[in-house]
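Novice: Need a 3D model of the following:
(one chain, ligands or ions: 1)
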Amino acid sequence: MEQINLNLNNIIKENENSILFTTNRPNIVMDHGKGMYLWDTNSKSYLDFVGGWAVNCLGHCPDVIIEAITNQSKKLINASPSFYNEPMLKFAKLLTNNSCFDRVFFSNSGSEANEGAIKLARKYGEKFLNGAYEIITMINSFHGRTLATMSASGKKIWENLYEPKVPGFKHVPLNDINALKSSISSKTCAIMLEPIQGEGGVNKADKAYVETISNICKENGILLIFDEVQTGVGRTGKLFAYEHYEIEPDIMTLAKGIGGGYPLSVLLTKEDLNIFEPGDQGGTYSSQPLGMAVGMAVFNEIINENLIYNAKIQGDYILNRLNELKDIYKLKNIRGMGLLIAFDVPYNKGSEIVEKCLEKGLLLNSPRSSIIRLMPPLVVTKKDTDKMIDILSEALNSIF
Ligand SMILES: *Cc1c(COP(=O)(O)O)cnc(C)c1O
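Specialist: From the prediction side, this is the model:
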């Protein structure tokens, strides 16, 4: 057994020099997954409360995705974005039937969908608002890693990175309506926000705040863009998080959960924003049949298996169980909606807790040093949560 482990670790040692360094990774190689679990090449199992970063909403390697990939790949993998394909047409209809939107554009990542949203807002400003191009976004927001979406993001540590930034973004503090009002000018074409900031540490936009924004947008002809890349597709206990606010954004973006692990994203908008002209927007893999078939299968499974309701009740259960640990380990600000949950830990021990849990076979995420975030697949059960709480308690015991 020792020998096997050594050999497997050699896979990292012998090959990691070929990978452009962008992040520190633990000394393990993930090999396979099923449901709520991942296994590494040493057959050690990990209970997954990260879910590929809020992506694997059906858990790992679900049958419906395997079937969709198998069947569609035998028929048509790629035909080019200049032709319609059947899953593209059906999936588009499924999305417009189940949301307040009329038109969709498919791409491959959240960043790309948000780029599309930014382009559409600028197109709208050019056509209807005398060339207005500015988009107001939130401090601590995360909209992606392309140059424009990094510029849109309100991440402090990115402020001086890759200068010069794409101009035209103003950042204001979340839930501060006066700051937002005073940043609006004749140059403003849109306001863009995550209903719940995910990477920022699970910070919810207040209902009154969003209602006011929605009214300001309507009165001034400014667009409201909801980045639901992380909150969409059942994650928060509603199909889309905008439903919690009883408003309708003009544009919404989806990624992460929509593909269940397959790279897929969607830009959704209303009929009156169907204003792109040929050549304005596109992409080699836009509406690629394999991705369309997977997205449709994932979406249908979420609806058919009532996973939106499961997200709500399991989320409430996780919050309850975490609250039991609150006083013992001085956890603060236990918060979340559905299966997007976070809490604050003392002494900035976030990454130490994540490391300890990893060692004990549990995956958690620490988006910043004082915060632990949980975003398990929507198929999570109470038994999974009980096991998560056991491992987390052990880890916290050994640290505090
Ligand atoms: C993850 C994320 C993105 C970026 O998505 P990618 O697929 O990594 O490009 C954008 N917005 C939000 C809210 C996200 O959580």
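
Novice: Which one of the residues in this structure is closest to the ligand?
Specialist: residue 110 (2.2 Å; C-beta to the nearest ligand atom). Glycine gets a C-beta too; all of them are placed from N, C-alpha and C.

Novice: Now do that residue: how many residues are near it, please.
Specialist: Close neighbours of residue 110, defined as other C-beta atoms under 10 Å, add up to 29.

Novice: Distance-wise, check it relative to residue 367.
Specialist: Per C-beta to C-beta, to the nearest Å, residue 110 is found 15 Å from residue 367.

Novice: With residue 69 instead?
Specialist: In terms of C-beta to C-beta, residue 69 sits 31 Å off from residue 367.

Novice: for the stretch 1-150 of the chain, what are the low-confidence residue spans?
Specialist: 1-8 (pLDDT under 70).

Novice: If we use 90, what do you get?
Specialist: Within the stretch 1-150 of the chain, the segments meeting pLDDT under 90 span 1-11, 13.

Novice: The stretch 301-400 of the chain too?
Specialist: 400.

Novice: show me where it has strands.
Specialist: With strands called from DSSP state E, counting those that start in this stretch, the stretch 301-400 of the chain shows them at 332-337, 340-344, 362-363, 365-368, 371-374.

Novice: Show me what from the stretch 151-300 of the chain comes close to the ligand.
Specialist: 194, 198-199, 227, 229-230, 255-256 (C-beta under 6 Å from any ligand atom).

Novice: Ignore what I typed, I meant the stretch 1-150 of the chain.
Specialist: 109-111, 114, 142-145.

Novice: did I read that right, residue 226 in a strand?
Specialist: Yes - the assignment for residue 226 (DSSP: H, G, I helix; E, B strand; the rest coil) places it in a strand.

Novice: tally of neighbours for it?
Specialist: 28.

Novice: Please measure how far the first residue of stretch 72-82 sits from its last one.
Specialist: 19 Å (C-alpha to C-alpha, to the nearest Å).

Novice: repeat for stretch 323-337
Specialist: End to end - C-alpha to C-alpha - stretch 323-337 spans 14 Å.

Novice: can you tell me which residues contact residue 68?
Specialist: 293-294, 296-297 (C-beta atoms under 8 Å, 6 or more residues apart in numbering).

Novice: Among those, name the buried ones.
Specialist: 293-294, 296-297 (16 or more other C-beta atoms under 10 Å).
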